[in-house]
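Trainee: got a sequence here, can you build the structure:
(3 chains)
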Amino acid sequence: MSDNIYLPYLVTIEKITQEAPGVRTLRLKFNDEALARSFEFKAGQFGEYSAFGEGESTFCIASSPTRKGYIECTFREAGRVTSALAKLEEGQTMGFRGPYGNTFPLDEWRGKNLLFVAGGIALPPMRCVIWNALDTRGSFGDVSILYGAKTVADLVYKHELKEWDERPDVRLVTTVDPGGETPEWKGEVGFVPAVLEKMNPSAENTIAIVCGPPVMIKFTFPVLDKLGFAPENIYTTLENRMKCGVGKCGRCNVGDKYVCKDGPVFSRAQLEALPAEF
Amino acid sequence: MEQKYIPKSSLKAWLAKVKDGGKQIYAPVTEGGKTSFRRVKSVDDISMEHVQTAQSAKGVAFPRTEKLFSYAMQPGGVALQDYDSANIPHTVVFGLHPCDAAAFKPLSGIFGWDTGDKPFGERMQRVTLVSLSCSKCDELCFCTSVDGSPGSAVGSDILLTAVGSEGYLVEIVTDRGRALTEPHAALFEAAPDVNKEELLAHVPVRFSVGAVERSLAGAFESDVWKQQSARCLGCGACAFVCPACACFDIQENPKGSASGDRIRCWDSCGFSLFTLHTSGHNPRSVQSQRWRQRLLHKFSYMPRRLSVRGCTGCGRCSRACPVDMNLWEHLSELENLKN
Amino acid sequence: MNALRSTVKELLGSGAIDVFVGYEKGTRLPRPLLAASADEADKLIFDETCTGNLAVYLTRKDLVGGKKAGVAASWYAMRSICRLLDENQLQEGAVKVFGLTPEGDLKPFDTLADLKQHVQETPPPPKPVEDEWVREIDAMPAAERWKFWTGELSKCFKCYACRAACPMCYCTKCIVEVNRPQWLQPWAATMSNVEWQLNRVMHMAGRCADCGACGAACPLGLPVHIIAHKMAKLVAQSFGEPTDKGSVLSTFNPNDEENFIL
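Mentor: Residues are numbered from 1 along each chain as shown, chains lettered A, B, ... in the order given. As a prediction, this is how the structure comes out:
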């Protein structure tokens, strides 16, 4: 194996799922079989994904570490690299560097209830934790998921939402922004913070994991305050721009913390100690 | 530390032998009134009269553009060719000043912490630093304010100090330095009895770096950043000439559709697009935030995280700045900052 | 000096301007100062050594956005301001311009029309050094000229000081930063550096005020302003001096020369 941290592993696209308009999930298998067997990561970690000829892009690993033999990433077509990745077909080769960054402290959460609050394209980092928790279901108390998107079409992981909805040991609430509903829509209509307030989850022995666009996070935190969640019991991920992923290129820091090394997972208490520069 | 003396007449003979021995010499050369580091063809081209080169010597280990690996599309896949260190020349950096030699420490800190960086590491392994103490300085030098000195041997493998106009005191600091002098011992003489301090430029202390760093600890929200950065144009001149700045970008250099290189190139925290997200959000959207990042990175974050400061007082940023962002002047202001 | 300081204080005090873009004493040469208070105004200086083109600050939204600004302007800065006006980058009433008379006295312009007239009627300060560069480079055979420019531009490390110092480079996203498609390689290498400067000067055709700020800003002392100087001459020769009816790049005239098209 190379000692060059910038050299990606070669991976083959096993399966492509079109999740929503412009959003797809790639299931990737390491070309090196020994690596495919030995590769390990933890929930919350991210990687650098290469479309050769176009460059690299940073996303979390969206699959659960409990599902071995592959990794998945989910991304929206937005820039040069994501557009190139979206053009790749099943069976084609791309690159992966990682896993990088810290992890959600699932071990510390044993025995606690988990409340997931996600918006839009920010469900992927959480999906990794959700499946990790569900695959080790006995270790946790109640599992509640609140997921919102602009429109019904924009909801990602539709099959999995259905699966979670049908499970008796998961409480799932889905919502779309006003105007984003369809005649068939049976979920909530409203913005995530308001729906969360209505949902009224107990803060007792509960960890809240919140991922979404900055505006959603901004309005969700006060609701969690009201519900009695202490800053130490709220977790989120930061999504700063990165190039190297390993603490060298100089872009992702917030104060003296590197999002690529000290993050991307931060508790709200940790965020409050950082300068407001993210 | 072993000390020797080399007469001026033998200095170039020594360098020529080193060069003939297969090492490249990377040294200041003056052309058209400008002095810059380059790989010299002849040791006669080396210039030793300048106060400071426009650019530092960091390019020897962190080139402005460097290939990280290559890729080639093949039927049924992609083939990667790893970074090739075989072609990195063994290089003697000659004639750099103590501030430049000292700057390889912060560079090594950034590239070496937690995860090694192969291109930088492989290059550093092949570098020997033969520095030259400063016998003159200018009004923008401030090494003595950041724990350096015009005669400091920190970071150097060998340090030369001019003794009059006829020769140099040679301080052999490391094994790597010894390996460069021992095979040519006949060219060296016994060290003269001189007071080195008297041979050096006098660089005034401009501020107390301890006070600056204490002041910065609570300065994030201060108005000083806005005020100091008002005239900053947001170019990358300061970062690119800085011997300790290491920020970089990673880019694709496709050669047609079938193959290409992944490269890295210098980048700067002063550029407005440096931290811009694809979504349009920018955590450092205005120049004052970027100026703050530059100073806090060097004088607060790096000391805290890497136990090394990101500035050695060479003054290049101040000389290169189109609008005279005089660094020691700004730092002196920060020293007295009322938070 | 006192006239300038008291005028600026008066303008700041009365609210006629919110900030004055002027010069203060610098380490070696005068440097820009954005004065918004009486204390800061007391640091202002303005004389023939104040040559940097301060018009570059007038399009900086983070500094003067929504504000009324006064500015100390050299003749070339005045020409930049006229061009920025022509390109709708400045608003009448938002900028008050001050120049110097040949005797070194403060010369305020009441309206931007006055400024335009002044720029049209006053010949540009001569550029003997730049003219000599152009003569020497023009005299070179093509191969030598190519060697000269590739040699100089091979040293460029793409810090973009030339762009940052240029009042006419006000784009928020420069062509070199567009990556879909990637027109220009953003890293430093001889050919990509040549491409960058060629693109820059082409974007300047008929717009450049020929102030020389790009060359003065280059930390490596590369004579990039000579490319702009030559371009300004060429455009004037081929299409006439730029007018306020739009630059040569944004206008079409059936009589435009086409002899440079291969």
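Trainee: show me which residues of the stretch 201-339 of chain B are close to chain A?
Mentor: B:220-221, B:246-252, B:254, B:257, B:260, B:262, B:264, B:267, B:269, B:274-279, B:281, B:283-284, B:289, B:293, B:296-297, B:300-301, B:304-305 (C-beta under 8 Å from any C-beta of the partner chain). Every C-beta, even on glycine, is put in place using the N, C-alpha and C of the backbone.
Trainee: can you sort out which of these also neighbour chain C?
Mentor: When contact is defined as C-beta under 8 Å from any C-beta, these meet chain C at B:249, B:251.
Trainee: and the buried ones among the residues of the stretch 201-339 of chain B next to chain A, selectable in ChimeraX?
Mentor: Only the buried entries of these go into this ChimeraX selection, using 16 or more other C-beta atoms under 10 Å in any protein chain shown:
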select /B:220,246,247,248,249,250,251,252,254,260,262,264,267,269,274,275,276,283,284,289,293,296,297,300,301,305
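Trainee: so which of the residues of the stretch 201-339 of chain B next to chain A sit within helices?
Mentor: Among those, the residues falling in helices (DSSP state H) are B:289, B:293, B:296, B:304-305.
Trainee: quick one on the thing from earlier: now, which of the residues of the stretch 201-339 of chain B next to chain A lie within strands?
Mentor: B:248-252, B:254, B:260, B:262, B:264 (DSSP state E).
Trainee: please save the CA atoms from stretch A:137-144 in PDB.
Mentor: Extracted in PDB, the C-alpha atoms of stretch A:137-144 (Å, rounded to 0.1, in the frame of the first residue of the first chain):
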ATOM      1  CA  ARG A 137     -30.600  -2.000  18.100                       C
ATOM      2  CA  GLY A 138     -30.400  -3.600  21.500                       C
ATOM      3  CA  SER A 139     -27.700  -1.000  22.600                       C
ATOM      4  CA  PHE A 140     -30.100   2.000  22.400                       C
ATOM      5  CA  GLY A 141     -33.400   3.100  23.800                       C
ATOM      6  CA  ASP A 142     -36.000   4.800  21.600                       C
ATOM      7  CA  VAL A 143     -35.000   5.800  18.100                       C
ATOM      8  CA  SER A 144     -36.900   8.800  16.600                       C
END
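Trainee: give me the buried positions along that stretch.
Mentor: Within stretch A:137-144, the residues that count as buried by 16+ other C-beta under 10 Å are A:140, A:143-144.
Trainee: and the helices in the stretch 1-150 of chain C?
Mentor: For the stretch 1-150 of chain C, the helices defined by DSSP state H, counting those that start in this stretch occupy C:2-14, C:38-41, C:61-64, C:75-86, C:112-121, C:128-138, C:142-153.
Trainee: most packed of these?
Mentor: Highest mean neighbour count among those (mean count of other C-beta atoms under 10 Å in any protein chain shown): helix C:75-86, with a mean of 23.
Trainee: and the contacts of that helix?
Mentor: Here helix C:75-86 makes contact (C-beta atoms under 8 Å, 6 or more residues apart in numbering or on different chains) with C:53-56, C:58-59, C:71, C:73, C:90, C:92, C:95, C:97, C:99, C:112, C:115-116, C:118-119, C:122, C:124-125, C:167-168, C:170, C:207, C:209-212, C:242, C:244, C:246-247.
Trainee: now with 6 Å?
Mentor: The contact list for helix C:75-86 (C-beta atoms under 6 Å, 6 or more residues apart in numbering or on different chains) reads C:53-55, C:90, C:112, C:115-116, C:119, C:125, C:167, C:207, C:209, C:211, C:244.
Trainee: same thing with stretch C:254-262?
Mentor: The contact list for stretch C:254-262 (C-beta under 6 Å, 6+ apart) reads C:S238.
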